[in-house]
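J.: Predicted model, plus sequence, below.
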Amino acid sequence: MFVKPGTYRKLGYLITGCICFGSLIPGNTLPRLSWDQLIGIDKVLHLLAYGSASYCFLSAQIQKTYFRIAAFLFMLGLLLEVLQKLLPGGRYFDLGDLLANLAGILLSVVYIHSQSKRIT
């Protein structure tokens, strides 16, 4: 089944909006989980969210823009982590979150690149 690039782009914007919202809501409004519960769920959510956004944007673009898309999403993640530290609400900068974001982005880049090589 063929999905139009515009559909992937719109879905990428929707996911990116959800990432921004989820990253900037005050931490004291989130459900309380123990550290060992949170560490696993949190990192998996970061990987899936940034991986999904990256996949959508990459699927809608040509190959030579992959680096710009990946760099933009990584920088967005960095900005959101810095804002979490600066804004009130009980959130903090977490290098682990940034690494999980990067892992999701890189996994989607590798997957999309391998699929495009297989097709051509």
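T.: That came in fine, so what should we check first? Keep in mind the model is a prediction, meaning the values are calculated, not measured. Numbering: from 1, shown residues only.

J.: need the contact list for the residue nearest to the spatial centre of the chain.
T.: Central residue of the chain (Cα atoms, centre = their mean): Tyr50, 1.6 Å from the mean position. For Tyr50, the contacting residues are Ile19, Leu73, Gly77, Ala100, Asn101, Leu102, Gly104, Ile105, by Cβ atoms under 8 Å, 6 or more residues apart in numbering. For glycine as for every other residue, the C-beta is placed from the backbone atoms N, C-alpha and C.

J.: Skipping adjacent residues, who's closest to it in space?
T.: The shortest distance from Tyr50 to any residue other than its chain neighbours is 3.8 Å, reached at Gly104 (Cβ to Cβ, 6 or more residues apart in numbering).

J.: ok, Ser54 touching Phe67?
T.: No: contact criterion Cβ atoms under 8 Å: Ser54 and Phe67 do not qualify, at 11.7 Å.

J.: more neighbours, the two?
T.: For the pair Ser54 and Phe67, the greater number of neighbours falls to Ser54 (28 against 10), based on other Cβ atoms under 10 Å.

J.: burial of the residue lying closest to the more buried one once chain neighbours are set aside, as a residue count?
T.: Among residues not flanking Ser54 along the chain, Ser108 sits closest, at 4.0 Å (Cβ to Cβ, 6+ apart). Look at Ser108: counted by other Cβ under 10 Å, it has 25 neighbours.
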